[in-house]
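In: Here's my sequence, what's the structure:
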Amino acid sequence: MNHLFLGIEGSRFWLKNILLSSICLIVCFTLSVMPANAISVYSLPKIAPGDSTWVIDSAETISRATESTLNNKLAKLAETTGLELRMVAIHRQGYDDPIEVFATKLFNNWFPDPETAANQTIVAIDTVSNNSAILTGTEGQKMLSEEKIDSIITETIGTDLKLGNKYNQAFLDASDRISAILAGQSDPGPRIAESTINTEGTFTKAEDTDTGNATLWVIGLLIVATIVPMATYFFYVGFSN
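Out: Okay, the predicted model is just below:
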């Protein structure tokens with residue numbers, strides 16, 4: 001009888017350890033997945049006026065050829081006008097911040113006072129929502145009116161994204177218009193849209209969204225919902241005996 005009792009207690013002890021280990025693994029896995037979805041302004045390279053970094057592609061969506069073209073164009077703009085334009089692509093924002101808020105935080109982090117911000121302009125595109133934002137300092141605001149910024153966002157960037165998530169073209173077209181305006185030239189206006197333009201909107205289709213992490217969350221929650229009641233029951237039985 002004693003041997004049987006010890007065997008039962010040993011099995012309970014072994015099962016408790018298995019359950020505890022499983023719960024710990026699930027918690028660690030869940031915590032490791034969460035930060036991957038959020039992009040912080042502090043996770044991007046720090047930029048200061050005069051830096052030669054013109055393109056930041058944390059979304060890995062811009063081709064090398066496009067990045068090279070943008071770097072040459074934006075470096076020339078800074079050299080000839082003293083005005084600096086930077087392009088930023090991110091794959092996912094924080095859960096609460098739309099792209100306008102994210103871009104504002106990024107602009108303020110890079111250029112925290114009016115003097116450093118005066119000659120700066122940034123274009124930011126979130127490749128998950130396909131939304132974009134343009135921020136500019138006091139010197140840029142003299143030439144980039146709100147109407148022109150709205151036109152660049154909706155008629156230039158928005159049109160390219162409607163044509164099939166053409167991020168390279170969106171950055172190139174936006175840089176053409178903004179560079180011309182900042183250089184004191186006439187606004188070339190939006191590029192003529194192709195006849196196959198999709199008029200349904202710029203929202204990402206459900207099948208194109210990043211569902212991998214959502215699936216992992218669902219699986220993790222189902223496992224937790226199964227294991228936690230079991231663990232609670234066996235702990236209760238073990239301690240009551």
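In: Check whether S129 really touches I99, as I assumed.
Out: Yes: using CB atoms under 8 Å, S129 makes contact with I99 at a distance of 6.7 Å. In short, each C-beta sits where N, CA and C put it, glycine included.
In: List the contacts of stretch 141-152.
Out: By CB atoms under 8 Å, 6 or more residues apart in numbering, the residues outside stretch 141-152 that reach it are T121, I134, T136, A174, R177, I178, I181, L182, G184, D187, G189, P190.
In: May I see those residues arranged in TSV, with neighbour count, secondary structure and distance to I56 as well?
Out: TSV is the format used below for the contacts of stretch 141-152 (neighbours: other CB atoms under 10 Å; DSSP: H, G, I helix; E, B strand; the rest coil; distance: CB to CB, whole Å):
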residue	neighbour count	secondary structure	distance to I56
T121	27	strand	14
I134	22	strand	15
T136	23	strand	17
A174	22	helix	15
R177	21	helix	20
I178	27	helix	16
I181	21	helix	22
L182	24	helix	19
G184	9	coil	26
D187	16	coil	25
G189	13	coil	27
P190	17	coil	25
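In: which pair in those residues spans the largest distance?
Out: Taking CB to CB, the two most distant members of the contacts of stretch 141-152 are G184 and P190; they sit 19.8 Å apart.
In: per-residue pLDDT, I90?
Out: pLDDT for I90: 93.
In: Who does it form a beta bridge with?
Out: Counting by DSSP bridges, I90 is bridged to D126.
In: count of neighbours near it?
Out: 23 (other CB atoms under 10 Å).
In: again, but for F171
Out: 26.
In: Could you find the closest non-adjacent residue to it?
Out: Spatial nearest neighbour of F171, excluding adjacent residues (CB to CB, 6 or more residues apart in numbering): M87 at 5.1 Å.
In: The one you found is in contact with T53, isn't it?
Out: No: M87 lies out of contact with T53 (CB under 8 Å); the separation is 10.3 Å.
In: what about the residue nearest to F171, distance to I192?
Out: As for M87, its distance to I192 is 22 Å (criterion: CB to CB, to the nearest Å).
In: Check which helices and strands the host helix or strand of E115 sits against.
Out: Assigned by DSSP states H and E, E115 belongs to helix 114-117. Of the remaining helices and strands, none touches helix 114-117 by 3 or more CB pairs under 8 Å, 6 or more residues apart in numbering; DSSP states H and E.
In: What's the mean pLDDT across that helix?
Out: 95.
In: contacts for stretch 87-105?
Out: Outside of stretch 87-105, the residues within contact range by CB under 8 Å, 6+ apart are 37-41, 44, 54-62, 70, 74, 106, 122-129, 131-135, 167, 171, 174-175, 210.
In: try 6 Å this time
Out: Under the contact criterion CB atoms under 6 Å, 6 or more residues apart in numbering, stretch 87-105 has outside partners 37-39, 41, 55-59, 61-62, 70, 122-128, 131, 133, 135, 171.
In: Next step: those residues restricted to strands.
Out: Members of those lying in strands (criterion: DSSP state E): V55, I56, D57, I122, V123, A124, I125, D126, N131, A133, L135.
In: which residues sit in contact with the fourth one?
Out: By CB under 6 Å, 6+ apart, the contact set of I122 is R86, V88, F107, L135.
In: what's the closest of these to T154?
Out: Nearest to T154 among the contacts of I122, with distances taken as CB to CB, is L135, at 16.2 Å.
In: surely that closest one meets F107?
Out: Yes: in this structure L135 lies within contact range of F107 using CB atoms under 6 Å: 4.5 Å.
In: Show me which of S129 and I99 is the more surrounded one.
Out: I99 (20 against 15).
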